[in-house]
Structures are given as structure tokens and as C-alpha cells.
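>>> Sharing a model prediction with you, sequence too.
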Amino acid sequence: MNYLVIIIAAVLVNNIVLMQFLGICPFLGVSKRLSTAIGMTGAVAFVMVLATIVTYLIQKYILDSFGLAFLQTIAFILVIASLVQLVEIILKKVSPALYQALGIFLPLITTNCAILGVAILTIQKEFNLLEGVVYAISNAIGFGLALVLFAGIREHLDLQDVPKGLKGTPIALITAGILAMAFMGFSGLV
Amino acid sequence: MNQWKNFSKGFIKENPVFVLLLGMCPTLGVTSSAINGLGMGLATTFVLVMSNIVVSLVKSFIPDKVRIPSFIVIIAAFVTIVQLTMQAYLPSLFKSLGLFIPLIVVNCIVLGRAEAFASKNTLLSSAIDGLGIGLGFSFALVLLGGIREILGSGKLFNITLYSENYVTLLFVLAPGAFIVLGYLIAVINRIKKS
């Protein structure tokens, strides 16, 4: 039951992109085509779950037990950066097809604040490891949901007659605002 | 003259938020009031100036291959300094900025300036570049935060301007951030053209 609450809260009520403003850069950057949006979601989901597990273990068994909690930011960003490199190298060797699909998105993920954000939030909310994994997976789903919805809308937007001054980024942001308004309807669900 | 140009480019011409569209997460996340925007802007400015200075000092010792990880470590060190200082002396601001203070480390503006400017230029111009871009970022955040605060809670810097009965709450909530920023960028584009 507890897990269900975590999932609904992360996917719909506190959607990571539209309500918490994490991962806005890929949200605006790679949402022009539906196919790239799906590829980015896959890469983010993969790294987010891995990073949450690794940073959780580091926080519990290294930082906490040696009283080094103030090094959290430095330790986490280093772990995420090297994890992304590692995933890239392993993927290239083990599954070239998957690497082809996710490859170009992986380097971008290091500076995706959603990854570091979820890792820190997992610690702040005092989840245990399993809850942390569920939380990371549901945030990845929430990220994918927002990205795919937005990419679908933007593909249609290309064909519309937008006022000249609002073309490009302005209309994309306003669309995102309306999408966020729709997601506000879920508030109070849990 | 040249240094002045280096400093002032961050405000309109190369404004990180309105023109380069970098650092969008803190821009949208913390600007529910002008004070929050100012706090976030100044914290980022400090990190930008200090990391630019250090990067330009050590640029010749860092091997090219491990450039980016080294920059990230330098930035993360200064972010930790800001985080602990703010937690000690400005606890209420620290609470309202929350998660976005540690997230300065993944702000593309900071890494972008270290990589594109400080790793190629002298100490003085790197420091001025960091200050200019940082203040341009703060300017954008205060502008966005101010507009949202006026429309959404009828106040500016916590001074009440009109009765709460007439406010549009939407503007301090999540959708308002996207919508106000969208229109602001449209206005800036128009100003830049003329």
C-alpha cells in the first residue's frame, strides 16, 4: 500500500518535471520528436535507478558511518558522472543495439538535475533501499509521461499558425504551463 | 572598455536564461517570489565567480581528458560552501530554496562558463565574465520572481501592493512559472530585434 502511494505521488501528483521543475533542460531540448523523447526517457530511467541505488549505499555505508555527510553534493555528482561513463562503456560492449538507441543521450545525463535531484530526495525523505528504487522508477515514469505528452503536443504545434512573436521557445513554455495546469488536477489524490 | 563589454553582455545580449536558455530548472523552480529569485541568483553568482577564478588558475595543470570531471569537483566544492554558509546564516531562505541549492552543481551555466570561457582566458577576465553572467542570471530571476509575486500574491519583496482578494493564485504555482517565462522570452526577443 505504501508503495502505491509513492508511485501515484511521484508519477502524477508531484510530477518531477511539471511540478518540481527537475530535468527541464531535456524536457525542452529533446521533446521535438516523439522518438527522441522515448529514447531519452529510456536512458534517464536506466541511469536514475542505478544512481539512486549506488548513492543510497554510499550515503548509508560511507558518508553516514564516517560522519562525512557534508560531502554529499561532491560525492553524489562524482558517482553519477562516473556511473554515466561506466554505463556508456558497458553498453557499447554488451549491447550495441541499445547503445545505438541511447548513446547520444547518455553524456547529456550527467548534467540532468533530475538524476541528482532524485538521489538527494531519496535520502531526504528517509526511504529504505526498496522504497528508494520504487521512487526512482516512478519518477522515471513521470519524467517519461511528461516528455512523451509534451513531444506529442509539440509535433502538432509545428503545423499550427502561431503568432510570430511567440514562435519557438515562448509557445513551448506556455504549452508546458497549460500541461502543468492539467497535472494540477491530480493534487489531493494522495 | 573591453572589460565593460565582457561584463555587460550577460544582461541582455547573452543572458543565460532569456537568450541561451540555460539553467532553466532553478529559474522555474525558485521564482515564486522576488526574494527567492535574488537569493538563488546571488548564490549562483558566487559559485560562478569563484569557480571561474579557480578554473582559470589551474587550467594549465589539468590534463585535457579529465577536464570536465575536474571542473565538476571544483564547482561542487564551492556549492558545498554556499550550502553550509546559507544553512547557518539564512536558514529560512535555505529552506525555501531547498533542493535547488545543491543542484547549482548541475546548473549548465556554471559548467558552461568554466568550459567555454575560464579554461581559455586570464584570471581577471574570467572573474569579470563570471560576475557579469551571474548578475545577468540574478536579473532574470528577480524579474521573473517579481512578476509572479505581483500577479500571484499582490506583493513585491514582501511589501503588499494590493488586496489579496484580487490575486491570481495560479502565478505562484507551477504553471505560472512556465507561462510568465514564455511571455518574458517573447518580449526579450522583440527588444533584441529592435
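Sure thing, it's come through.
>>> Chain A contacts on chain B?
Residues of chain B lying near chain A by Cβ under 8 Å from any Cβ of the partner chain: B:21-22, B:24-26, B:28-29, B:68-69, B:72-73, B:76-77, B:79-80, B:83-84, B:99, B:102-103, B:105-108, B:111, B:170, B:173-179, B:181-183, B:185-186, B:189-190. Bear in mind the C-beta positions are built from the backbone N, C-alpha and C, glycine included.
>>> Could you find the closest non-adjacent residue to B:L173?
Excluding the flanking residues, the one nearest B:L173 by Cβ to Cβ, 6 or more residues apart in numbering or on different chains is A:M184, at 6.8 Å.
>>> where does that neighbour land on pLDDT?
Looking at A:M184, its pLDDT stands at 86.
>>> show me what contacts it?
A:19, B:173-175 (Cβ atoms under 8 Å, 6 or more residues apart in numbering or on different chains).
>>> Could you name the helices and strands sitting against the longest helix seen in chain A?
The longest helix of chain A (DSSP state H) is helix A:129-157. Here helix A:129-157 touches helix A:2-8, helix A:24-29, helix A:34-58, helix A:113-124, helix A:169-184, going by 3 or more Cβ pairs under 8 Å, 6 or more residues apart in numbering or on different chains; DSSP states H and E.
>>> And the residue nearest the centre of chain A?
Nearest to the mean C-alpha position of chain A, counting by Cα atoms, centre = their mean, stands A:A114 at 4.4 Å.
>>> returning to what we had before: quick check: PyMOL command selecting the buried ones in the residues of chain B next to chain A.
This is how PyMOL selects the buried members of the residues of chain B next to chain A, with burial counted by 16 or more other Cβ atoms under 10 Å in any protein chain shown:
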select buried, chain B and resi 21+22+24+25+26+28+29+68+69+72+76+77+79+80+83+99+102+103+105+106+107+108+111+170+173+174+175+176+177+178+179+181+182+183+185+186+189
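>>> Can you tell me the closest non-neighbouring residue to residue 166?
Chain wasn't specified; assuming chain A. Here the residue nearest A:L166, using Cβ to Cβ, 6+ apart, is B:A186, at 5.3 Å.
>>> oops, I was thinking of chain B
B:G154 (6.8 Å).
>>> Next: B:P26.
Counting by Cβ to Cβ, 6+ apart, the residue nearest B:P26 is B:F100, at 4.8 Å.
>>> The one you found: how many residues sit nearby?
23 (other Cβ atoms under 10 Å in any protein chain shown).
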